[in-house]
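Colleague: Structure, please.
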Amino acid sequence: MSDLPKCIDISHWQGSPDFGKVKAAGVIAMIHKATEGTGYVDPNRAKNFVNATTAGLKCCTYHWLKPGNAKAQIAHYLATIDPVPGERMVIDYEQDGCTLADLKEAVQALLDDPRGLQVTIYSGNLLKEQLGSTHDALLADHTDLWLAQYTTGTPTWPTGTYPHWTLWQYSESGSVDGITGSKVDLDRFNGPDDALLQWISPNVAAPKPAPAAAAVPVSIALTIPDHAALTIAVNGKTIFTQEN
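Modeller: Numbering: from 1, shown residues only. Predicted structure coming up:
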């Protein structure tokens, strides 16, 4: 497995990276921790998000879900991020004590937001153990999977709900130019680079052009004296002239 990722995920533990160097190292996408529970806000998210996007990285954020009060947690996340329409939002689902009911409540809270948010679930063993081989319709129909599994071989995931993984966090101990003093999570996207950039970006359909107004025929009958000069103008433009 290559240690030259196209996507990384960080939090305040990675400090304030030099995102120019991160971009030069080949990274094109970044996911930053935003919130946790009902009150915690990552202190580095705002400035790192701005600096990363300024350097040319495409970015989104995640919320660390804690057991219970899932709807209130998502309200805290949304209030902190104030996402744009179609923004991708990630639920980090890994803490012991969290249940599928918590996760589905959090997912539904994001789906209920009127901005048409995209939802990704980050998880490893917890989700695999809870889902097993079953098919969960809410998760299958409205989310995709960011898999956490640190292996050099083929990963495993709950295929009954997710036929494939979208993003795979394959290492928690990587190194990336521009980030010092801390190891970095490394992620692999299940597709080409342009698909990764499209996936991580807000999914906003281009507005449809307004239909052209239907042409309304206008008929005008004129009676003028013989040998009279005639000029006809339509909307200020002369379209006919007759000399006397």
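Colleague: Only C-alpha atoms from now on, for both contacts and neighbour counts.
Modeller: Noted.
Colleague: give me the beta-bridge partners of the residue positioned nearest the centre of the chain?
Modeller: When C-alpha atoms, centre = their mean is applied to the chain, the residue found nearest the centroid is R88 (2.5 Å). Beta bridges link R88 to Q118, judged by DSSP bridges.
Colleague: What's the separation between it and C60?
Modeller: 6 Å (C-alpha to C-alpha, to the nearest Å).
Colleague: give me every residue that touches the residue nearest to the centre of the chain.
Modeller: C60, T61, L117, Q118, V119, T120, W199, I200, S201, P202, N203 (C-alpha atoms under 8 Å, 6 or more residues apart in numbering).
Colleague: returning to what we had before: which residues are common contacts for R88 and C60?
Modeller: Common neighbours of R88 and C60, using C-alpha under 8 Å, 6+ apart, are I200, S201.
Colleague: Please report phi then psi for V184.
Modeller: Note on V184: backbone dihedrals following degrees, to the nearest 10 are phi -130, psi 140.
Colleague: and it, how many residues sit next to it?
Modeller: 20 (other C-alpha atoms under 10 Å).
Colleague: And the closest residue to it other than its chain neighbours, what's its pLDDT?
Modeller: Nearest residue to V184 in three dimensions, chain neighbours excluded: G174, at 4.8 Å (C-alpha to C-alpha, 6 or more residues apart in numbering). If you check G174, the pLDDT there is 92.
Colleague: do Q242 as well
Modeller: For Q242, the model assigns a pLDDT of 68.
Colleague: gap between the residue nearest to the centre of the chain and H142?
Modeller: From R88 to H142 the distance is 12 Å (C-alpha to C-alpha).
Colleague: overlap in contacts of the two?
Modeller: Common neighbours of R88 and H142 (C-alpha under 8 Å, 6+ apart) are V119.
Colleague: That concludes my questions; thank you for your assistance.
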